[in-house]
Each structure stands twice: as structure tokens, then as C-alpha cells.
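In: only the shape, not the letters, is given here:
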């Protein structure tokens, strides 16, 4: 072979090596992040082995990896909130929302980090990096009590908040599932018509029924439509054009002041209050409370469904005044309305993760803040007084607790698909509220009969377990 041929062949191999080097550099530096992010990347299994834990506020483990397998000690009691981790189906809940923090740092796209790992290994140093721990605000005793009580019914949900900060003490949704065997259960769960994968506490939309009278009363008092001395006449029905509105079961509260109308839950009286407020004012307060807007929560949460203001008929506005019509709310939103009254008219921003801890050092902390300040402290105090009357002498006497003043509101929300949904919203101690609860039980009947006892017992547990 001539020298010229040798040089040509050598040049060809040099070119091939140059192409190979360029390709390798592209894969390692440019394409590595996108390759690492692919859900079918087998490297994820290695990273998941060192995935961080999810903890309750007292340090109780809610999720951890043991022997390469993700375990959920509270099982179905907190499944939709903590979520699942599956190589086949991905993630959900906190596992999804805080995946970046929980996942160990991936150096596959960082040549300098890979070099540092090699150097550390040559010096006999540990090269295993762990994901951060995610510390939630969940109180296990409250969570377990809420879930146990909700589980007596086919479909139900509940939220427990600290109204002073917005910290979520418990989130319950029934039916649920066992995240410890998620891959094997997924086909059955996804086909279940009762939607066990749905977090009803955050994403279930229901007519709020008479619990929404908390909003209507507060808004009407704040803008001067009514006063605590206002009186109303409820014969059991109210005519609006061609539409006749009735109280539940054709009840009639007669001639009464605002507190009595609220305590006995008169639909007729609150329909009249909404009409007297007028559409513009009513919707202005919906906006002030953020109803229909984002709650800026750390997990996916449905917005309340509010009918368009344009073209709204008087009969529709009247029904919204007592939580019916096209108005739909989540349990979280109703818990926030109760919390706003409990917190002197300041609506707290809800949060369920309070801290991210990396290598035993807090990396970030959730700070308490407000979503809005829709009504004055004086108005909130007046609504609190009416909610106390509900429990002491009105429709919610089932929520009484010994030696504790409870403020509450019942709700029986009619719907076209079956029996009424049962609602109860409450907080205590009414003088200095520390816990707020919202509970809905689907298709069972009166709020006081079904949701009321659940809310009462959960409230009692939370007051004992959630600290001062």
C-alpha cells in the first residue's frame, strides 16, 4: 500500500473518530437532560431507590423506599393526597407535585458532576446521593379519624384546616385505594365508576347547599344589604316570576331576625337577601373571596364553578344565595370559607407541605399568607355568632361538644342525580378558633344527620391532637 493510500485511510479513521466524539459529546452534554427525563429511562429505577421520604408533621413516615420498593404506611387513608410512584403509570399527589425535590440529583447530564463522583469513588468515599424529605402538615391521628368516619359511606370527602395559617391537618376522600399495590390494581381502579383515584376533597365539585349561607350572610352584612336587626318573613315558599322557590321539605321559619333565619336555615330568606344584594354586588363578593379563581394550592385543586354573570336570571341568583343552582364548590373551598370567618375575615392560603429537608437541613419552608381579606372582622364576628346559634339552637345541634363552643353550618344540597348531598362546615373553639372542618357525604340526605356527626368527631380529635 502506498503512503498516499495509508494517509487517506488514516484520515478516514480520524474523521470517523471525530464524528464519534462529537456524537458522544452531544449525547452527554446536550441531549442528556431530555434523555434522563424520559419516563422509561432505566436510570429512574436507580434514582428511585434513593428517593426522599414524605413525612407527617410529627415525623411519621407517609412514604419511603425500602428494599427498592416504595411503601405507604397509611395506605388508603391518605392515598390520593400522598399519591403513588409507579414506573408504569407515573406519579400523582405529593409524589408528583414534589417529584423534583424527592428525586436524588441526577448527574447523568453533568460531566463535571460525573467526574466528581468518579474521584470520590477512587478515594473510597460514598457516592450515593439521596432525595430530599418532604414534610407535610398532616396530623396522622386526625387523618385516620377522618378517613375512618368517611369510610362508612360509599362516597364522601373532608378537609381539616388550621384557620390561623391555612395548614392542612387532614384530607380525606372515599372511596380510596391501596397505593402499596398500585400497579396490580390500576386496571380495576381506572375502570371503577366510583372514581377511587379522584381526590374528592380537592377536585370533587358539589352544590354547597346551605353551608354557602356563610358567604351570603357575610357579603350582605359587609355591604350593608342587611344588618343583624333585619327581619324576614318565610311562609315556606317564595315566588320569583313564574318560578316558586321552597324551603327543604316545605318547612317555614315564619317571621324572624337574621340570626334565626341563619340558624334555622331558611332558603326563602336567603333567596331574598341575594336578590336584595343584586347580581353585581353578589358577584363582586364572589370575586373578593376568590370563588371561581385559583386557590394557589400545592396540589391540583379544582376551581369553584360559578355560572356566568351575563344573562343570570333572578331565580338563578336567588338559588345561589342558599348554595344551589349552577354553583359548585369543593370541600377545600368550603373549608376556606369557614376558615375565613374563623380568622376575622382573612382568607388563609392553604398548604399541605410545610418544609423540604435536604441532608437534614431545611431547604425551603412554606410561609403562612393570605389569599384575600373579603370582609371585616366585625362581619366575621357576627357570622360566627350566627354559626354558634346553629349549633346551640338551630339545625346543627348534633355538633355540640362538651365545654367547647362550636360554630357550624349545615347544608343539604339537592342534585338531579339522586338523594341530597349532606354537608357540614364548622370550627372551634369559636372564641379562638384553631381547627376548621368541612365534610360532604354524597347522596344520603340531611347535613345534620350524616356530615354533622363526622365533622363533630373529627373536630374533637383535631382539638386534642393538633397542638395549641
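Out: Received it, and whenever you're ready, just let me know what you need. Quick caveat: nothing in here was measured; it's all calculated off a predicted structure.
In: what ranges do the strands span in the stretch 101-250 of the chain?
Out: Here the stretch 101-250 of the chain has its strands, by DSSP state E, counting those that start in this stretch, at 133-136, 156-161, 168-174, 231-234, 237-240, 243-246.
In: tell me where the model's unsure across this protein.
Out: Across the chain, the ranges flagged by pLDDT under 70 are 1-18, 20-47, 106-128, 249-250.
In: let's see 50
Out: For the chain, the stretches flagged by pLDDT under 50 are 27, 29, 36, 39-43, 45, 109-110, 113-121, 126.
In: what about the residue nearest to the spatial centre of it, distance to residue 313?
Out: Using Cα atoms, centre = their mean, the residue of the chain that lies closest to the mean C-alpha position is residue 202, 3.7 Å off. To residue 313, residue 202 is 31 Å away according to Cβ to Cβ, to the nearest Å. (C-beta placed from N, C-alpha, C; glycine too.)
In: ok, now residue 231?
Out: Residue 231 is 27 Å from residue 313, by Cβ to Cβ.
In: can you check residue 76 too?
Out: Separation of residue 76 from residue 313 (Cβ to Cβ): 44 Å.
In: these two: which has the busier surroundings?
Out: residue 76 (18 against 14; other Cβ atoms under 10 Å).
In: was I right about that one contacting residue 176?
Out: Yes. In this structure, residue 76 is within contact of residue 176 by Cβ atoms under 8 Å, at 4.0 Å.
In: between these two, what contacts are shared?
Out: The contact sets of residue 76 and residue 176 overlap at residue 147 (Cβ atoms under 8 Å, 6 or more residues apart in numbering).
In: once you drop chain neighbours, what's closest to residue 245?
Out: Excluding its sequence neighbours, the residue lying closest to residue 245 (Cβ to Cβ, 6 or more residues apart in numbering) is residue 238, at 4.5 Å.
In: can you tell me how far the one you found is from residue 246?
Out: Computed as Cβ to Cβ, the residue 238 to residue 246 distance reads 8 Å.
In: overlap in contacts of the two?
Out: Both residue 238 and residue 246 are contacted by 267-268, under the criterion Cβ under 8 Å, 6+ apart.
In: who's more crowded, these two?
Out: Taking neighbours as other Cβ under 10 Å, residue 238 and residue 246 compare with residue 238 leading, 21 against 13.
In: so what's that one up against?
Out: Residue 238 makes contact with 244-246, 267-268, 271-272, 318, according to Cβ under 8 Å, 6+ apart.
In: wait, which of those is closest to residue 56?
Out: Of all these, residue 56 sits closest to residue 267, with 40.8 Å by Cβ to Cβ.
In: how close does that closest one sit to residue 414?
Out: Distance of residue 267 to residue 414, computed by Cβ to Cβ: 10 Å.
In: adjacent strands (with direction) for the longest strand along the chain?
Out: If you go by DSSP state E, the chain has its longest strand at strand 418-428. In the sheet, strand 418-428 lines up against strand 407-415 (antiparallel), strand 435-441 (antiparallel) (DSSP bridges).
In: out of those strands, nearest to residue 59?
Out: Distance to residue 59, taken as Cβ to Cβ, is lowest for strand 435-441 among these, at 20.9 Å.
In: just the buried residues of whichever helix or strand comes after that closest one, please?
Out: Moving toward the C-terminus from strand 435-441, the next helix or strand (DSSP states H and E) is helix 451-465. Applying a neighbour-count criterion of 16 or more other Cβ atoms under 10 Å, one finds 451-463, 465 buried in helix 451-465.
In: for the residues you listed, give me JSON lines that also has distance to residue 170.
Out: Putting those into JSON lines (distance: Cβ to Cβ, whole Å) gives the following:
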{"residue": "451", "distance to residue 170": "15"}
{"residue": "452", "distance to residue 170": "17"}
{"residue": "453", "distance to residue 170": "16"}
{"residue": "454", "distance to residue 170": "12"}
{"residue": "455", "distance to residue 170": "12"}
{"residue": "456", "distance to residue 170": "15"}
{"residue": "457", "distance to residue 170": "12"}
{"residue": "458", "distance to residue 170": "7"}
{"residue": "459", "distance to residue 170": "11"}
{"residue": "460", "distance to residue 170": "13"}
{"residue": "461", "distance to residue 170": "9"}
{"residue": "462", "distance to residue 170": "7"}
{"residue": "463", "distance to residue 170": "13"}
{"residue": "465", "distance to residue 170": "10"}
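In: and stretch 65-76, what's buried?
Out: So for stretch 65-76, counting by 16+ other Cβ under 10 Å, buried means 65, 70, 72, 74-76.
In: closest to residue 49 out of those residues?
Out: Within these, proximity to residue 49 (Cβ to Cβ) peaks at residue 65, which comes in at 6.0 Å.
In: who does the helix or strand that closest one falls within pair up with?
Out: Using DSSP H and E, residue 65 sits in strand 61-66. With DSSP bridges as the test, strand 61-66 is paired with strand 54-55 (antiparallel), strand 69-71 (antiparallel).
In: show residues contacting that strand.
Out: Strand 61-66 has contacts (Cβ under 8 Å, 6+ apart) with 48-51, 53-56, 70-74, 78, 82, 85, 94-95, 136, 138.
In: and the helices in the stretch 1-150 of the chain?
Out: 3-25, 32-37, 43-48, 79-82, 93-97, 99-102, 111-122, 140-150 (DSSP state H, counting those that start in this stretch).
In: gap between the residue nearest to residue 248 when sequence neighbours are not counted and residue 68?
Out: Computed as Cβ to Cβ, 6+ apart, the closest residue to residue 248 that is not its neighbour in sequence is residue 412, at 5.8 Å. According to Cβ to Cβ, residue 412 stands 50 Å off from residue 68.
In: check residue 397 too.
Out: To residue 68, residue 397 is 54 Å away according to Cβ to Cβ.
In: contacting residues for the closest residue to residue 192 other than its chain neighbours?
Out: Nearest non-adjacent residue to residue 192, counting by Cβ to Cβ, 6+ apart: residue 175, 7.5 Å away. Counting by Cβ under 8 Å, 6+ apart, residue 175 touches 154-155, 192, 194-196.
In: the same query, at a cut-off of 10 Å, please.
Out: 76, 79, 150-151, 153-156, 189, 192, 194-198, 200 (Cβ atoms under 10 Å, 6 or more residues apart in numbering).
In: hmm, residue 331 and residue 436 touching each other?
Out: No. With contacts counted by Cβ atoms under 10 Å, residue 436 stays clear of residue 331, the gap being 11.4 Å.
In: residues contacting residue 428?
Out: Per Cβ under 10 Å, 6+ apart, neighbours of residue 428: 342, 388, 391, 399, 401, 404-408, 434-437, 456, 459-460, 462-463.
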